[in-house]
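S.K.: no sequence on this one, just coordinates:
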């Protein structure tokens, strides 16, 4: 086990490499999910509030603005 | 075929159907890749255990280039066919590409210090990948620089296309110039000059990173599409309340 962690003396390079990889990708994934959930929740709330007439106007606005 | 998914709702329906499968595949493939990287592959006769850094460095380098090519293609589709989801996908992919480039650069340095004796050298490969990183940042900055998001989309799309010249430079840098970075051993003419025991974790991690890329792009595209719908609803609400005609500029979504 100790030999494995020691990685032939290169531990100080190998473990940080993998740690940086997993942390950077992990943080990116977490932030992306958080943003998606918050935006979709906000959208769902707003669509629940607005009557059909406004929803159609919003769809039109979206199409115009692309 | 592409115009079927010009409708954001249809795009979302496909994306959401595919997402759980992609996520499952990502977890499985990366998990297996990690197992092979540490438990089921030998140390290299030259590099020793530091070869295990290659199992994240090389796949992230490939993804850094793939993501940029994805952005360039999406930008072209958005500019030429005005496909409304194309630019959103490009914007979604940019931070992902930037992260892979960052991982490539840092793991490369961590490999280079014990192997070459230096954290950095201004050779053609390293320098051009650093430029790629700055291109990603410039793309993101430019896309967000305008109040009117469609201007930002067009400007950043043009930047993406012009900047795509960096990809062949990166790829061929080790052939065109005398570099410290070693020449290609996998993506070359003829068989890869890497042993199967090492090719396996390498390819698994590359595949896992690819599926992860698409998972992230789908999530981020959904997020941006929702944010744009929110803005559209808000401006519709304002117009219906004030009775003004709809002339407000769009603002970009909450990319958070």
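M.R.: All right, it came through fine. The shown structure was predicted, so the numbers you read here are calculated from the model rather than taken from an experiment.
S.K.: Please enumerate the helices of chain A.
M.R.: Remark: helices assigned in chain A by DSSP state H are A:2-6, A:11-49, A:52-65.
S.K.: now what about the shortest one, what contacts it?
M.R.: Right, the one you point to is helix A:2-6. The contact list for helix A:2-6, computed with CB atoms under 8 Å, 6 or more residues apart in numbering or on different chains, reads A:11, A:15, B:38. The C-beta positions use only the backbone N, C-alpha and C, and glycine is treated the same way.
S.K.: Quick one: mean pLDDT over it.
M.R.: Helix A:2-6 shows a mean pLDDT of 90.
S.K.: now chain B, which segments are flagged as low pLDDT?
M.R.: Low-confidence segments of chain B, defined by pLDDT under 70: B:1-6, B:243-256.
S.K.: gap between the longest helix along it and the chain center?
M.R.: Assignment by DSSP H gives helix B:196-242 as the longest helix of chain B. Distance of helix B:196-242 from the chain centroid (CA atoms, centre = their mean, to the nearest Å) equals 11 Å.
S.K.: I'd like to know which elements it is packed against.
M.R.: Applying 3 or more CB pairs under 8 Å, 6 or more residues apart in numbering or on different chains; DSSP states H and E, one finds that helix B:196-242 contacts helix A:11-49, helix A:52-65, helix B:8-38, helix B:51-81, helix B:84-116.
S.K.: Would you mind putting the ones you listed into a markdown table with mean neighbour count and distance to residue B:176 alongside?
M.R.: Listed next are the helices and strands packed on helix B:196-242 as a markdown table, based on neighbours: other CB atoms under 10 Å in any protein chain shown; distance: least, CB to CB, whole Å:
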| stretch | mean neighbour count | distance to residue B:176 |
| --- | --- | --- |
| helix A:11-49 | 16 | 28 |
| helix A:52-65 | 16 | 44 |
| helix B:8-38 | 16 | 31 |
| helix B:51-81 | 22 | 16 |
| helix B:84-116 | 23 | 19 |
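S.K.: Serialize those to TSV and add fields for distance to residue B:169.
M.R.: Shown next, in TSV, are the helices and strands packed on helix B:196-242 (distance: least, CB to CB, whole Å):
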stretch	distance to residue B:169
helix A:11-49	25
helix A:52-65	37
helix B:8-38	29
helix B:51-81	11
helix B:84-116	14
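S.K.: Can you give the contact residues for stretch B:101-114?
M.R.: Here stretch B:101-114 makes contact (CB under 8 Å, 6+ apart) with A:10, A:13-14, A:16-17, A:20-21, A:24-25, B:50, B:53-54, B:56-57, B:60-61, B:64, B:118-121, B:126, B:129-130, B:132-133, B:136.
S.K.: So what's the gap between it and the chain middle?
M.R.: 18 Å.
S.K.: Quick one, which of the helices and strands packed on helix B:196-242 gets closest to residue B:236.
M.R.: Closest to residue B:236 of the helices and strands packed on helix B:196-242 is helix A:52-65 (CB to CB; 4.0 Å).
S.K.: Can you point out the buried residues in stretch B:149-160?
M.R.: Across stretch B:149-160, burial judged by 16 or more other CB atoms under 10 Å in any protein chain shown covers B:149, B:150, B:152, B:153, B:154, B:156, B:157, B:159, B:160.
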